[in-house]
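S.K.: Give me coordinates for this.
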Amino acid sequence: MHFKIETVKLTNIDCKDNTYRITTETNIDDLTASIKKIGLLNPPLLLENNSEYMIVCGFRRIEACRGLGWSQVEARILDPGTQKADCAGIAVTDNALQRPLNLIEQSRSLALISGFIKDDVMLAQELSILGFPENQSVIKKIERICHLSRPIQRAILSDTISLAMALELGKLAPDVGAGFVELFENLKLSLNKQREIVTFVQEIALREEIDILEVLNDDRLQAILNQTDFDKNQKTRIIRSYLKQRRFPAITSAEKAFEKLIKALRLPRGIKLIPPTNFEGSIYTLTFNFKNLPELIEHKTSFDEITHSPYIKKILG
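M.R.: Model prediction:
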């Protein structure tokens, strides 16, 4: 890398060109305080572009200097003939050496490098040097992140959603993905529960022939989210129950009727009656738990009582 040191006017630096921006960090308070106290120890790296300069490394440093009211800054100026691929590698390396890159930064790095290096072998070599995973499937998934909507990227950074869920939401319309992100930010759900809710909402929208956002913005759902007396676990439980009931009204109705009859049946401890899955079918399962022969004999007596109960007849139709 060949460069020269020059003093450059900040007005001549194009801060809107984010071609080589990798970092997702926006807070510059600590950096500003450091530069104010001891000066700019690591000059930014720039590439001359006509009458202006592109930033290759040092976006936050330049922003901090602007905030301090500086009119000019000492910078490293790359040779005009420096290849874009080299600039990309320098930008990624500069960030990767400072700290572990988060998923968004990894995605920006991959998209940047692959945009300039089209040869798969050379790209793999470059990525290997920079410490990226060798699994091509993982690389392609990570690279897609930087093309997702801002709300989804924000949710990744805050650990609200995983890479897998981000890619699922990325397949939906941007406003729909943002709607799910807002819901998940409120509830802090596991991946399985997030997937369950996404599936329920999509199927409800399809079943009722309405837009997905109409389901997410439903008054009852929003009322649960805004209930200050409930914690996140309570809200999650109630919302999942509400969505399941709305998605499967017949099954939910059957479950409630079954639970009412089971309560009236008053099964002794150690005996459990299990209905067919989703009440589709006619096979019921009766289980007995016992530790010794007397308990088994006691269950036999209970079994005889159960078979003569009017409630078991209602359950079995």
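
S.K.: Lowest-scoring secondary structure element of the protein by mean pLDDT?
M.R.: helix 120-129 (a mean of 73; mean pLDDT, DSSP states H and E).

S.K.: buried ones in stretch 160-176?
M.R.: Residues of stretch 160-176 classed as buried by neighbour count (16 or more other C-beta atoms under 10 Å): 160-161, 163, 165-170, 172, 176. Heads up, the C-betas are built off the backbone N, CA and C, glycines and all.

S.K.: Summarise which helices and strands the helix or strand just after the least confident helix or strand of the chain is packed against.
M.R.: For helix 120-129, the following helix or strand on the C-terminal side (DSSP states H and E) is helix 136-145. For helix 136-145, the packing partners by 3 or more C-beta pairs under 8 Å, 6 or more residues apart in numbering; DSSP states H and E come out as helix 103-116, helix 163-170.

S.K.: got a markdown table for these, with mean pLDDT and distance to N289 too?
M.R.: Formatted as a markdown table, the helices and strands packed on helix 136-145 follow (pLDDT from 0 to 100; distance: least, C-beta to C-beta, whole Å):
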| stretch | mean pLDDT | distance to N289 |
| --- | --- | --- |
| helix 103-116 | 88 | 47 |
| helix 163-170 | 95 | 38 |
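
S.K.: can I get those helices in TSV with distance to D14?
M.R.: Formatted as TSV, the helices and strands packed on helix 136-145 follow (distance: least, C-beta to C-beta, whole Å):
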stretch	distance to D14
helix 103-116	17
helix 163-170	30
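
S.K.: Can you say which of those helices is nearest to G270?
M.R.: Shortest distance between G270 and those, using C-beta to C-beta, is found for helix 163-170: 40.7 Å.

S.K.: Can you report how many residues neighbour R150?
M.R.: Neighbourhood size, R150 [other C-beta atoms under 10 Å]: 10.

S.K.: While we're on it, how confident is the model there?
M.R.: Note on R150: pLDDT of 93.

S.K.: coming back round to it: for the least confident helix or strand of the chain, buried residues please.
M.R.: Here helix 120-129 shows 123, 126-127 as buried, counting by 16+ other C-beta under 10 Å.

S.K.: tell me which strands and helices that helix is in contact with?
M.R.: Counting by 3+ C-beta pairs under 8 Å, 6+ apart, the packing neighbours recorded for helix 120-129 are helix 103-116.

S.K.: And the helix it packs on, how far out from the chain middle?
M.R.: Counting by C-alpha atoms, centre = their mean, to the nearest Å, helix 103-116 is centred 18 Å from the centre of its parent chain.

S.K.: just stretch 120-138 next, same as before
M.R.: So, by C-alpha atoms, centre = their mean, the centroid of stretch 120-138 is 24 Å from its chain's centroid.

S.K.: what's next to it, contact-wise?
M.R.: 89, 92-93, 96, 106, 109-110, 113-114, 117, 139, 142 (C-beta atoms under 8 Å, 6 or more residues apart in numbering).

S.K.: now the angle from whichever strand or helix holds N186 to helix 163-170?
M.R.: Assessed by DSSP H and E, N186 sits inside helix 174-187. Per axes from the mean of the first three to the mean of the last three C-alpha atoms, to 10 degrees, the angle that helix 174-187 makes with helix 163-170 is 140 degrees.

S.K.: Any buried residues in helix 174-187, and which?
M.R.: 176-181, 183-184, 186-187.

S.K.: Alpha carbons of it, in CSV - could you do that?
M.R.: C-alpha atoms of helix 174-187 as CSV (Å, rounded to 0.1, in the frame of the first residue of the first chain):
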residue,chain,number,x,y,z
PRO,A,174,-40.3,-4.6,4.1
ASP,A,175,-43.2,-3.2,6.1
VAL,A,176,-44.3,-6.7,7.1
GLY,A,177,-40.7,-7.6,8.2
ALA,A,178,-40.6,-4.4,10.2
GLY,A,179,-43.9,-5.3,11.8
PHE,A,180,-42.6,-8.7,13.0
VAL,A,181,-39.4,-7.0,14.2
GLU,A,182,-41.4,-4.6,16.4
LEU,A,183,-43.4,-7.5,17.8
PHE,A,184,-40.3,-9.5,18.6
GLU,A,185,-38.5,-6.5,20.2
ASN,A,186,-41.5,-6.2,22.6
LEU,A,187,-41.5,-9.9,23.5
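
S.K.: I'd like to know which elements it is packed against.
M.R.: helix 150-157, helix 163-170, helix 191-208, helix 212-216, helix 219-225, helix 232-247.

S.K.: tell me the angle of it relative to helix 191-208?
M.R.: Put simply, helix 174-187 runs at 130 degrees to helix 191-208, going by the same axes, to 10 degrees.

S.K.: Identify the residue spatially nearest to A111, adjacent ones excluded.
M.R.: Closest residue to A111 apart from its sequence neighbours, by C-beta to C-beta, 6 or more residues apart in numbering: C146 at 5.1 Å.

S.K.: What is the neighbour count of the one you found?
M.R.: The number of residues packed near C146 is 17, by other C-beta under 10 Å.

S.K.: pLDDT below threshold where in the chain?
M.R.: Residues of the chain that meet the criterion pLDDT under 70 lie in 1, 134.
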